[in-house]
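Colleague: Need a 3D model of the sequence below.
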Amino acid sequence: MATTYRKSLQGRTELKHEITKMDCFILRNRLKHYMQTDPHVNTRGTYFIRSVYFDNFDNKVLTEKKEGYLDRDKFRVRLYDYNMSLLHLEKKSKRNNLTYKQKCLITASEYEKLRHGDINWMEFDSRSLLRELYIQMSLYQLKPITVVDYEREVFIYPHGNVRVTFDSNIKTSFRNNDLLNPKLPMVETDTDAVILEVKYDHYLPDIIKQLLQLGDRLKGTYSKYQICRMYG
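Modeller: Below you'll find the predicted structure:
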């Protein structure tokens, strides 16, 4: 089902590369002299992100990602630094190489209900994103599939509204969707892999382009969800 986007919803360019921890070390030491760090990080200079991604028995979302569909949607529920009281339902959409994101707050009890298949209450909810997820869950049997954990380091540059992020220590729950369980068993994926993401509005300043150069690294379509599903 296609989504009609309001003019106020800003599409952004999002580039992804899989790099090594050594690459990350090199880039971090370049960027810190020109970019600001995210003010919400912890004492380690990062913050923890846990997300559960929605898919169906036919792996609709995973397949669309792997095959590079230019028109696709992905739903997830996300929390930061194990803060169970602040959950967001998010929808990320690709439209002609631009990325759009919408989100709304949900409660822990609401997530538990939809996780166990109790979704009728969502049909007429005041939050439009929950109503849309209800339709997707009803039509395509989407459900929360896999929990993904990782540490994120963020650098910010005001011109072009640039965000450069390094996501590392990526772990998967395989097919366990118990998002709110702090003792959920997680398995580390590639220990040396770091996902570099570069996000910006209308342009990427030349100085940032130069700082991010790593020789023969190629732009990819890497997804943390895709990486984690490779493990189960």
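Colleague: following the longest strand seen in the chain, which helix or strand comes up?
Modeller: Determined from DSSP state E, the single longest strand within the chain is strand 143-157. Toward the C-terminus, strand 143-157 is succeeded by strand 162-172 as the next helix or strand (DSSP states H and E).
Colleague: quick one, that next one and strand 143-157 angle?
Modeller: 140 degrees (axes from the mean of the first three to the mean of the last three C-alpha atoms, to 10 degrees).
Colleague: residues in contact with the very next helix or strand once past strand 162-172?
Modeller: Sequence order places strand 187-188 as the next helix or strand after strand 162-172, per DSSP H and E. With contact meaning C-beta atoms under 8 Å, 6 or more residues apart in numbering, strand 187-188 is reached by Asn169, Ile170, Lys171, Thr172, Ser173, Phe174, Tyr231, Gly232. All C-beta spots, glycine's among them, are computed from the backbone N, C-alpha and C.
Colleague: Against which helices or strands is the longest helix seen in the chain packed?
Modeller: The helix that spans the most residues within the chain, counting by DSSP state H, is helix 128-140. Identification of packing neighbours for helix 128-140 by 3 or more C-beta pairs under 8 Å, 6 or more residues apart in numbering; DSSP states H and E yields strand 47-55, strand 71-80, strand 87-95, strand 98-106.
Colleague: and the longest strand of the chain with strand 47-55, angle?
Modeller: Using the same axes, to 10 degrees: strand 143-157 against strand 47-55 is 140 degrees.
Colleague: List the strands paired with strand 143-157, with their directions.
Modeller: As defined by DSSP bridges, the strand partners of strand 143-157 come to strand 36-37 (antiparallel), strand 47-55 (antiparallel), strand 162-172 (antiparallel).
Colleague: in the chain, what secondary structure element scores lowest on mean pLDDT?
Modeller: For the chain, using mean pLDDT, DSSP states H and E, the weakest element among its helices and strands is helix 224-229, scoring a mean of 89.
Colleague: And that helix, how far out from the chain middle?
Modeller: The chain centroid and the centroid of helix 224-229 are separated by 11 Å under C-alpha atoms, centre = their mean, to the nearest Å.
Colleague: Any chance you could give me that helix in PDB, C-alpha atoms only?
Modeller: C-alpha atoms of helix 224-229 as PDB (Å, rounded to 0.1, in the frame of the first residue of the first chain):
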ATOM      1  CA  LYS A 224      21.600  -4.200  10.300                       C
ATOM      2  CA  TYR A 225      18.300  -6.100  10.100                       C
ATOM      3  CA  GLN A 226      19.600  -7.900   7.000                       C
ATOM      4  CA  ILE A 227      22.900  -8.700   8.700                       C
ATOM      5  CA  CYS A 228      21.100 -10.100  11.700                       C
ATOM      6  CA  ARG A 229      18.700 -12.200   9.600                       C
END
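Colleague: what about the protein, any weak spots by pLDDT?
Modeller: Within the chain, the stretches with pLDDT under 70 are 1-8, 216-221, 232.
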